[in-house]
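A.B. asks: model this:
(4 chains)
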There are 2 protein chains.
Amino acid sequence: MPSDAEPAPVSAKTPVTLREVAAAAGVSVATASKALNGQGRMTAETRERIRETARQLGFRPNHLAQSLLRKRSFTVGLLTNDTYGRFSLPLMAGVSDALVDNGVSVFLCNVEDDPRLGQMHVEAMLDKRVDGIIATGKRIDRHLPVDLSNLRVPVVYAFTQPDPGAVGLVSDDAGGARLAVEHFLRLGRRRIAHVSGPASFAVVHTRAQAYRDVLEEHSLPVSEPLLGQWSEGWGRDAVAKLFSNGRGREGWPDAVFCGNDQIARGVIDALRERGIGVPEDVGVIGFDNWEIVAEATRPPLTSVDMNLAALGREAGLALLSLVGGQPAAPGIRKLPCRLVVRQSCGRPPGG
Amino acid sequence: MPSDAEPAPVSAKTPVTLREVAAAAGVSVATASKALNGQGRMTAETRERIRETARQLGFRPNHLAQSLLRKRSFTVGLLTNDTYGRFSLPLMAGVSDALVDNGVSVFLCNVEDDPRLGQMHVEAMLDKRVDGIIATGKRIDRHLPVDLSNLRVPVVYAFTQPDPGAVGLVSDDAGGARLAVEHFLRLGRRRIAHVSGPASFAVVHTRAQAYRDVLEEHSLPVSEPLLGQWSEGWGRDAVAKLFSNGRGREGWPDAVFCGNDQIARGVIDALRERGIGVPEDVGVIGFDNWEIVAEATRPPLTSVDMNLAALGREAGLALLSLVGGQPAAPGIRKLPCRLVVRQSCGRPPGG
DNA sequence: GCGATTTGGGAAAAGGTTTTCTCAGAGGGA
DNA sequence: TCCCTCTGAGAAAACCTTTTCCCAAATCGC
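C.D. replies: Purely as a prediction, here's the structure:
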């Protein structure tokens, strides 16, 4: 009965310990440990026999015991206040990816905007001896409601405001805005408007400044960005302002760079309702590349993607190297955005 | 200098151990442990002195050591394959809420649809001695790509297909559909259509059947549900079918119950483009109550909310009671939906 | 004043693993 | 044959906390 040879070692009800493996193999726990970890000296025969025994018994080392001894838990905490998830999800996925590949697990800690909750989570993580903490948020210019300075574990900030002297990763919003405006220029568009979110967001100004810079570099007229809300409704309202009859048809923009995809969707909808063709008459570019929105617009929306998954991955790796003792240059590192071209801008004249 | 009395015990670089507390207080570790945990017998004075010492030193017990001893890690794993997050995020938030209140941390494990990744995560969790596992997904009628039967820890399934004999929590889709259709009926609407997603989803049939049931209970004509995609585009196409001239104006529906909010948005947009008034001429109800969509439609969309956060909370509590040794009734428990009324259905005739 | 009970607190084991010593035996050189 | 060096493997400490058992001193009853 060869099929009975392996008695299904998969997860018995009670975990088998190293001591049991050692007993079964007729050696001491010390030898068993060394055999399984490739440490110490022993005959190849002994080593293999112990390994085989462990395999048959389905032995898996208890990470709690290992962590206790090594003072390294292979666990990190991920702090976020983005319950909504549009930004934090790809970020978290990236962090998780990078860490799981290195055998590190991730504690998910939602702190909302509640300092008390944040404090609780941080203490719980510290008590569980996480190797490090990644702080993420929903906007770059706000702190999480928790104090992460002077912790005894390294901290990396991703897509949220870092403490001074800490390691932070954010998207290069200015670069992303440049991508958008330069794309318009390559397509031959010259009267480019910018519709964005509330002035209280730092990124609004960063992107607006990049928009101005590009136009000035090309000696093109800069029209003052229209700031409002991050909503479709504001996008529609902005179209009413930009395409008012008072300005005369020739004063109308031939391109609109929007601060996010929802605004862009409002802009596209309003343009269609006015009988203005996208992309024939006006090109539109959004920001965030929120696929569910960008692919539902008519036509599908060209948008700037902040590469948040990659950012999360970088954050994970940065934390890992800090945990490993590598000194990382403190300060904010900006990661490039990319433009995802769909159909809301048309083709270049020659294309 | 009274302000120097407390030397900022917050998180020194190296954690202070019970042994150090004991030494500082001039007692044994055993006594120190008992003093801090309210166990054993000693003078109130001794107990308080030890506690005060611990406080001053900023002592926090090492959970790894505690877990090792208690065989309980106060940690659970959360498995999901919903990278997109529309469903899993509120679910996760609910789970997290329920658990954090009980001092339990959550490992986030994204398994995509990759069995190998799923296996890795489950093994990592088991090695880290999680107390239990919560499996969540993006649809009720599919298994996660991992085998969770015969684990040595309890498992609870939330919003994903449970193993037979396991504890599963899902939304009551039939009940949710009833809420929608009955709402239409209360408003005096009688020619109610149903536009839903692909036939490959079990919920599509569940909701469609509930739709039929309610109409039949009221002896109203049932028109066959239109099945298509979960997209705005399909919503628009469905309107073209439902409101074709061939049917004659009197054959047009006066209400459309949609399988999700994106379909509903497509329906509303298409109706507006045809000059059909919502809610005056036609009422529309969506499903999922995805706020970002429901609040952006014109008018804002009335929608069925699956209460996923509550579902997550229940799942967390269910797991906790299993971990605590309470035997839970296996099988699927359905949690009620609720109707979120906005403006896409109008008011009742008398209201 | 003496035995019995209570009181306050400590010693030690347990939990599972890793790592440093230590040590017995085998082999090699003189 | 004797001494030295290797080799293979085990004993024990360490990580940090909890808990059981135990003991000395104090208190009580008579």
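
A.B. asks: rest of the way, CA atoms for contacts and neighbours
C.D. replies: Fine.

A.B. asks: does A:L179 touch A:V340 like I think?
C.D. replies: No: counting by C-alpha atoms under 8 Å, A:L179 does not reach A:V340; the two are 10.1 Å apart.

A.B. asks: what segments of the stretch 251-351 of chain A are helices?
C.D. replies: Here the stretch 251-351 of chain A has its helices, by DSSP state H, counting those that start in this stretch, at A:261-273, A:291-294, A:308-323.

A.B. asks: hang on, I meant the stretch 101-250 of chain A
C.D. replies: Taking DSSP H, counting those that start in this stretch as the criterion, the stretch 101-250 of chain A carries its helices at A:115-127, A:173-186, A:202-217, A:232-242.

A.B. asks: rewinding a little: neighbour count winner among A:L179 and A:V340?
C.D. replies: For A:L179 versus A:V340, the count of surrounding residues by other C-alpha atoms under 10 Å in any protein chain shown is larger for A:L179: 21 against 18.

A.B. asks: residues contacting the closest residue to the more buried one other than its chain neighbours?
C.D. replies: Closest residue in space to A:L179, ignoring its immediate chain neighbours: A:L339 at 6.5 Å, by C-alpha to C-alpha, 6 or more residues apart in numbering or on different chains. By C-alpha atoms under 8 Å, 6 or more residues apart in numbering or on different chains, the contact set of A:L339 is A:G176, A:L179, A:A180, A:T302, A:S303, A:V304, A:D305.

A.B. asks: roughly how far apart are the closest residue to DNA strand C within the stretch 201-350 of chain A and A:V106?
C.D. replies: At 14.8 Å from DNA strand C, A:G324 is the closest residue in the stretch 201-350 of chain A, using C-alpha to the nearest atom of the strand. Distance of A:G324 to A:V106, given as C-alpha to C-alpha, to the nearest Å: 17 Å.

A.B. asks: in terms of neighbours, single out the busier of the two.
C.D. replies: Comparing A:G324 with A:V106 by other C-alpha under 10 Å, the one with more neighbours is A:V106, at 26 against 11.

A.B. asks: partner residues bridging the more buried one?
C.D. replies: A:V76 (DSSP bridges).

A.B. asks: verify the stated contact: it with A:S73.
C.D. replies: No: the pair A:V106 and A:S73 fails to qualify as a contact (C-alpha under 8 Å) at a distance of 10.9 Å.

A.B. asks: for chain A, what lies in contact range of DNA strand D?
C.D. replies: Residues of chain A found near DNA strand D (C-alpha under 7 Å from any atom of the strand) are A:26-32, A:40-43, A:46-47, A:65-66, A:68-69.

A.B. asks: so A:S344 makes contact with A:R272?
C.D. replies: No: taking contacts as C-alpha under 8 Å, A:S344 lies outside contact range of A:R272: 12.0 Å.

A.B. asks: what is in contact with those two at once?
C.D. replies: The contact lists of A:S344 and A:R272 share A:V278, where a contact means C-alpha under 8 Å, 6+ apart.

A.B. asks: these two: who's more crowded?
C.D. replies: Under the neighbour definition other C-alpha under 10 Å, A:S344 and A:R272 were set side by side, and A:S344 has more, 26 against 13.

A.B. asks: got the contact list for the residue in the stretch 101-250 of chain A that DNA strand D sits nearest to?
C.D. replies: Proximity of the stretch 101-250 of chain A to DNA strand D (C-alpha to the nearest atom of the strand) peaks at A:D127, 8.9 Å away. Residues counted as contacts of A:D127 (C-alpha under 8 Å, 6+ apart) are B:R60, B:P61, B:N62, B:H63.

A.B. asks: hang on, isn't the second one packed against B:R19?
C.D. replies: What it means is B:P61. No: B:P61 lies out of contact with B:R19 (C-alpha under 8 Å); the separation is 10.7 Å.

A.B. asks: what parts of chain A come near chain B?
C.D. replies: A:11-14, A:60-65, A:67-68, A:83-85, A:89-90, A:93, A:96, A:103, A:105-110, A:124, A:127-129, A:150-152, A:231-233, A:296 (C-alpha under 8 Å from any C-alpha of the partner chain).

A.B. asks: distance check, the residue nearest the centre of chain A against B:D281.
C.D. replies: Residue closest to the average C-alpha location in chain A (C-alpha atoms, centre = their mean): A:L91, at 2.1 Å. The spacing between A:L91 and B:D281, counted by C-alpha to C-alpha, is 44 Å.

A.B. asks: repeat for A:F107
C.D. replies: Taking C-alpha to C-alpha, one finds A:F107 at 50 Å from B:D281.

A.B. asks: with A:K128 instead?
C.D. replies: 59 Å.

A.B. asks: would you say A:V16 is within a helix?
C.D. replies: No: read with DSSP: H, G, I helix; E, B strand; the rest coil, A:V16 is coil and lies in no helix.
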